[in-house]
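[1] Have a look at this fold, sequence not included:
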């Protein structure tokens, strides 16, 4: 369904439709990159920064947080994931063991401590 629009005055040119072909120039072909000839000198290997030597006194003076932050992020992530998984397994095992071997206060399935009612 199309709606025809009348020009505002008779001398006005009709508006161009969006369906008309674009008047942009075609894209230029990409130019090839120039070939760089290798130099006669061999390339110098990139030296990795070696860790600075750490004295035993500086290591001994660190607290736990500082020692944790010195570790690489990937190592910290792996240690955190292992601790998280271990604690989850410990929770599951504790629930399983409690169901298998209930304590005296949990013999009837009640989690509340049984206390004697005060005598009046």
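    Alright, I've got the coordinates. Predicted, not measured: the structure shown is a model, and the values here were computed from it. Numbers count the residues shown, from 1 in each chain.
[2] what about residue 76, neighbour count?
    13 (other C-beta atoms under 10 Å). Where you see a C-beta, it was placed from the backbone N, CA and C, and this is true even at glycine.
[3] pretty sure it contacts residue 68?
    Yes: at 6.7 Å, residue 76 counts as touching residue 68 under the criterion of C-beta atoms under 8 Å.
[4] where's residue 90 relative to residue 100, distance?
    15 Å (C-beta to C-beta, to the nearest Å).
[5] actually residue 32, sorry about that
    To residue 100, residue 32 is 74 Å away according to C-beta to C-beta.
[6] Where does residue 88 sit, in terms of helix or strand?
    helix 73-100 (DSSP states H and E).
[7] Now the helix or strand of the chain with the lowest mean pLDDT: buried residues?
    One helix or strand of the chain scores below all others by mean pLDDT, DSSP states H and E: helix 56-60, with a mean of 83. Across helix 56-60, burial judged by 16 or more other C-beta atoms under 10 Å covers no residue at all.
[8] out of residue 90 and residue 100, which sits in the busier spot?
    Ranked by neighbour count (other C-beta under 10 Å), residue 90 and residue 100 place residue 90 first, with 10 against 7.
[9] pLDDT score for the more buried one?
    Note on residue 90: pLDDT of 96.
[10] for residue 16, same thing?
    For residue 16, the predicted pLDDT is 57.
[11] so where's this structure uncertain?
    Across the chain, the ranges flagged by pLDDT under 70 are 1-27, 38-51, 105-120.
[12] ok, 80 please
    Residues of the chain that meet the criterion pLDDT under 80 lie in 1-54, 56, 103-120.
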